[in-house]
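Q: One predicted model, sequence on top.
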Amino acid sequence: MINSDEIREHMEVRAADGRHVGTVDHMDGTSRIKLTRTDSEDGKHHLIPLDWVDHVDAHVHLSKNADEVRSQWFAVN
């Protein structure tokens, strides 16, 4: 399981297919990552569950491809 302490602000978030899906704004509690809205096509923050994280190195790597992520994330203002 991924430790949320490994995830830092401004880390790039990449989908399983290698595509950029966002940049970490901050952790929303201990189970969700909030992405920056300045990096978003719709100008909103998006939340993704920590369960989607495959591993963390210099980037946050997800276990879903970019299309799946964008269709399943939760948008907030």
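A: All right, it came through fine. Numbers count the residues shown, from 1 in each chain.
Q: Remind me what the lengthiest strand in the chain packs against, helices and strands.
A: Longest strand in the chain, counting residues (DSSP state E): strand 20-28. Here strand 20-28 touches strand 12-14, strand 32-35, strand 45-49, helix 66-72, going by 3 or more CB pairs under 8 Å, 6 or more residues apart in numbering; DSSP states H and E. Glycine gets a C-beta too; all of them are placed from N, C-alpha and C.
Q: May I have the strands that pair with that strand, each with its orientation?
A: Strand 20-28 pairs in its sheet with strand 12-14 (antiparallel), strand 32-35 (antiparallel), by DSSP bridges.
Q: Highest mean neighbour count out of the helices and strands packed on strand 20-28?
A: The highest mean neighbour count among the helices and strands packed on strand 20-28, using mean count of other CB atoms under 10 Å, belongs to strand 32-35: a mean of 22.
Q: By mean pLDDT, point me to the weakest helix or strand of the protein.
A: In the chain, no helix or strand scores lower on mean pLDDT, DSSP states H and E than strand 74-76, which sits at a mean of 95.
Q: Which residues outside that strand are in contact with it?
A: Contacts of strand 74-76 with the rest of the structure, by CB atoms under 8 Å, 6 or more residues apart in numbering, involve 34, 42, 44, 45, 46, 47, 48.
Q: Distance-wise, check the first one relative to residue 77.
A: What it means is residue 34. 12 Å (CB to CB, to the nearest Å).
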